[in-house]
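Novice: Provide a 3D model corresponding to the input given below.
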Amino acid sequence: MAKKTAEPGRTPLPTGIAAPARRALAQAGVETLEQVVELGQRRLSTMHGMCARTLAQLQDAMDEQGLVLPAG
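Specialist: Numbering: from 1, shown residues only. Predicted coordinates:
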């Protein structure tokens, strides 16, 4: 299991996310995985650039940190 961040609440987004998705997250003010969790699955999946690969990358990163993405 990956080491949890030293600074809770400030887990950076994973590297390798496609540029359109990264721009959409930035436009929504999302800079951390914790903020992704606050968005919820429904809103996240409707954002520009959120393809299956990007969602899987985010889910893997959240799993490593013990974060759960709510359905709403």
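Novice: residue ranges with poor pLDDT in this protein?
Specialist: 1-8 (pLDDT under 70).
Novice: repeat the analysis, applying 50 as the threshold.
Specialist: Applying pLDDT under 50 to the chain flags residues 1-3, 5-6.
Novice: do a quick rundown of the helices in this structure.
Specialist: Ranges of helices within the chain are 19-27, 33-39, 41-46, 52-65, based on DSSP state H.
Novice: so which of those is nearest Ala71?
Specialist: Checking the helices of the chain against Ala71 by C-beta to C-beta gives helix 41-46 as the closest, at 5.0 Å. The C-beta positions use only the backbone N, C-alpha and C, and glycine is treated the same way.
Novice: that closest one: how far from the chain's middle?
Specialist: On the basis of C-alpha atoms, centre = their mean, to the nearest Å, helix 41-46 is displaced by 11 Å from the centre of the chain it belongs to.
Novice: and it, what's buried?
Specialist: Of the residues in helix 41-46, Leu44 count as buried by neighbour count, 16 or more other C-beta atoms under 10 Å.
Novice: can I get that helix in PDB, CA atoms only?
Specialist: Extracted in PDB, the C-alpha atoms of helix 41-46 (Å, rounded to 0.1, in the frame of the first residue of the first chain):
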ATOM      1  CA  GLN A  41     -19.100  10.700  -8.900                       C
ATOM      2  CA  ARG A  42     -22.100  12.200 -10.700                       C
ATOM      3  CA  ARG A  43     -20.600  15.700 -11.100                       C
ATOM      4  CA  LEU A  44     -17.100  14.400 -11.800                       C
ATOM      5  CA  SER A  45     -18.200  12.100 -14.600                       C
ATOM      6  CA  THR A  46     -20.100  14.900 -16.400                       C
END
